[in-house]
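Chemist: What follows is a predicted structure for the sequence shown.
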Amino acid sequence: MRPLLHFVPVLVLVTVAPAANAGDGVDFLRDVAPIFERRCLQCHKTGKSEGGLSLSTPDTLRELEHVVAGNPDASPLIDAVTMHDGERPLMPKKGEPLSTREVEILRQWIKTGARWPDGVTLPYLWSLITISKPQPPVLRDEGDAQPESAIDAFVVRRLREDGFGFSPPATRRELIRRLKFDLLGLPPSSGEIHDFVQDDRPDAWPRLVERYLASPHYGERWAQHWLDVARFSESNGFEDDAPRPHAWPYRDYVVRSLNADKPYDQFVREQLAGDAVPNVTRDSMAATGFLVAGPWDHAAAVSASPVEKLRAREVQLEEMVATASQVFLGLTVNCARCHDHKFDPIPQADYYRMKAVFEGVYQADGRSRAARPLLTPDELREFQATKTDTKLAPQAFIGFRRQPAATVIFERGDIRQPGEAVEPAGLSAIRQIASDLHLSTKTPEGQRRLTFANWVTDSGNPLTARVIVNRVWQHHFGTGPVDTPSDFGANGSQPSHPRLLDWLAAQFMEEGWSLKSLHRRILASRTWQQSSAFNPSAARVDADNRLLWRFAPQRLDAETVRDAMLVISGELNPRLGGPSFQAFTTTRNNTYYYHLTDTGEPQFNRRTIYRMKINTGRDPLLDALDCPAPSVMSPSRRRSVTPLQALALMNDSFVLRQADRLAERIEHSVVEPDSQIVEAWQRTLGRPPNHSERQLSKDLIDNASLQELCWALFNSAEFLEVR
């Protein structure tokens, strides 16, 4: 048996240097540190250094002579992680051995000097490293990539390291169906499919992308993704669960902003401080609905017990800090409420400094009034600048503001143990920009949030652009480079393509924080346009498709299933914006009770994003298809497979009604049974049936009805999936 790490008598070992960039592009913080953190630190770190080796610092690497700078073949570290004669490597003792790529990264790091940046101690969060814009790899054979596609260059280079390439290109029919569901959340008509398939112009694809990006339905589709993470709810939750009839202006603000391609940094600033920005508008005020969109324990907030009221207030503020930090920064700052963060470099004091930013935001005024006039300061003066009752003005659930007292640290998070006062500030772990925002305990409430919002959206902040680029990628591919989209900390996952993520983040900021430009870049890539064909060899190496060797099939989300059925049946009410439709009746007996209703009246056939999102008045069909609870941050949807899903799709009254409506429309427009069959397939799946499918459909109609065929097609995997 080989010794664990044999002694090598050398004098020059690890070089400690302030720079981290190696000549061939291997970067310690970006490439080497994640390997040590993920594969080695469990056993080899400060306080737990098996064999006397700690990889938290370069000290014991140097003292024990495990690395020979410039000579990987003479370095015991490389010997320990390399397979010899088919034997398992000595390290790591647990889990999978290092991949060929990981070993090669360590070899290149050692070969170019084994440089360890001065002052760096592991674990060190990769996400806190300054965003760079690495050069896309130069591919010798660009046959696998679209010309000039940096995305393809990064992805192909990674695939080739494991001996793979892309799947073949998707068909035009697959592409248009995939694209319209992706950008608009709606199915293409058979006419749209036919026109695109027949369009032989060289710019047919970018023209189609532009058409869909310009559609008002784009904002409706992508607003749903944002509302998931913004925990947008139209009721309070808890045992009271009172409705919020004026919460919808925030939803409409998100839809409008996305349709207008509002720069993302402005989008963020408005949601954090839209009522405090220069030149306040109704739109920027509506944006602050983000702050109070979460659950509110009304009963505790009006409790006769001061302790209970304060405890409820602290829970409310923790929820705001948690949402703002996870949605915009991808860090779980709220985990530092009672003590220093167990995993990330976030001291307890940072939690309270960030809490001080939001200390003046309340969900209701002192009289428990939840909605307030949606009026700018100038408009409010005019209402007062005429003695008009502000109740006649538009109302919105955007919270109330008070100038707060000084924020103090509660020892162990206990409201009965107040400690020292802190000033509003950012996170000390982000060192590229000053976390000291030069605010005091007397700084006006709105100025606190505006200054913090500017800090969040500063181009030097290494988190904000990375987090949103990762979210957008996730919604195009099903999974982001970081598959924990709201946790870029030590407990989150490492990025599958870190250089690609940084390139996209840097490009995103250079292009004015434009989400539509980011969409265009992704959708133009061969990476997105490849087929979903299964490759057994690739699947054995990468079962989760993290390397992107194909376009992973995706089940339509709950809202899209409902909306698609409405479009296909001809029942969709296309009305945009305004108050939500209420698919329930309400009674009150101390608390609110919601009784579901289901009718085919036009006001109930709007897109699902306009359904009033009540915590205890949820839709069984949507629930079965993994629609998340509205009051919970949902950075990614569950992808369960349960009998309830099949039962709901088979028996829900909405599905049955849409199948009936589709059959009625076909029967009114097409008389001949064979033509009705083709029409049903074209409308639901965008293609005609093949010979065997046509015969099976004919048998079903002969023995049942056209309604049964439409119902069966709505239940088919092809309808419910995008490939």
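Modeler: Arrived safely.

Chemist: contacts, neighbours, all on C-alpha from now
Modeler: OK.

Chemist: ranges for the strands of the stretch 551-700 of the chain?
Modeler: With strands called from DSSP state E, counting those that start in this stretch, the stretch 551-700 of the chain shows them at 554-555, 584-589, 591-596.

Chemist: Equivalent analysis for the chain, please.
Modeler: Counting by DSSP state E, the chain has strands at residues 15-17, 44-45, 48-49, 115-117, 361-362, 372-373, 395-396, 400-401, 407-410, 418-422, 554-555, 584-589, 591-596, 721-722.

Chemist: what pairs with the fourth one, and is each one parallel or antiparallel?
Modeler: Neighbouring strands of strand 115-117 in its sheet, by DSSP bridges, are strand 15-17 (parallel).

Chemist: Of the strands of the chain, which shows the lowest average pLDDT?
Modeler: Mean pLDDT per stretch puts strand 15-17 lowest among those, at a mean of 41.

Chemist: separation between the residue nearest in space to the middle of the chain and residue 254?
Modeler: Centroid-nearest residue in the chain, with C-alpha atoms, centre = their mean: residue 471, separated by 3.6 Å. Counting by C-alpha to C-alpha, to the nearest Å, the gap from residue 471 to residue 254 is 16 Å.

Chemist: what's the answer for residue 560, then?
Modeler: 18 Å.

Chemist: all helices for the stretch 51-200 of the chain, in order.
Modeler: Secondary structure of the stretch 51-200 of the chain (DSSP state H, counting those that start in this stretch): helices located at 59-63, 76-81, 100-111, 150-161, 172-184, 190-198.

Chemist: Point out the most buried one among those helices.
Modeler: Scoring the helices of the stretch 51-200 of the chain by mean neighbour count under mean count of other C-alpha atoms under 10 Å gives helix 76-81 as the most buried, with a mean of 22.

Chemist: avg pLDDT for it?
Modeler: 92.

Chemist: Same check on stretch 302-321?
Modeler: 93.

Chemist: Can you tell me which of the strands of the stretch 551-700 of the chain is most buried?
Modeler: strand 554-555 (a mean of 17).

Chemist: can you list contacts of it?
Modeler: 478, 720, 721, 722, 723 (C-alpha atoms under 8 Å, 6 or more residues apart in numbering).

Chemist: and if you look at stretch 426-445?
Modeler: Under C-alpha under 8 Å, 6+ apart, the answer for stretch 426-445 is 128, 130, 345-346, 350, 353-354, 357-360, 401-407, 422-425, 448, 451-452, 455, 458, 460-462.

Chemist: From the chain's centroid, how far away is it?
Modeler: With C-alpha atoms, centre = their mean, to the nearest Å as the basis, stretch 426-445 stands 26 Å off its chain's centre.

Chemist: can you check stretch 220-231 too?
Modeler: Worked out by C-alpha atoms, centre = their mean, stretch 220-231 lies 9 Å from the chain centre.

Chemist: now the helices for the stretch 301-450 of the chain?
Modeler: Going by DSSP H, counting those that start in this stretch, the stretch 301-450 of the chain shows helices at 306-324, 348-358, 377-383, 445-456.

Chemist: in the stretch 601-723 of the chain, which ranges drop under the pLDDT threshold?
Modeler: By pLDDT under 70, the stretch 601-723 of the chain contains no weakly predicted segment.

Chemist: can you give me the helices in it?
Modeler: Under DSSP H, counting those that start in this stretch, the stretch 601-723 of the chain gives helices at 620-624, 643-651, 653-669, 673-685, 691-703, 706-714, 717-720.

Chemist: For residue 227, which of those helices is the nearest?
Modeler: helix 620-624 (15.7 Å; C-alpha to C-alpha).

Chemist: what sits up against that closest one?
Modeler: Taking C-alpha under 8 Å, 6+ apart as the rule, helix 620-624 contacts 558, 559, 644, 645, 648, 649, 652.
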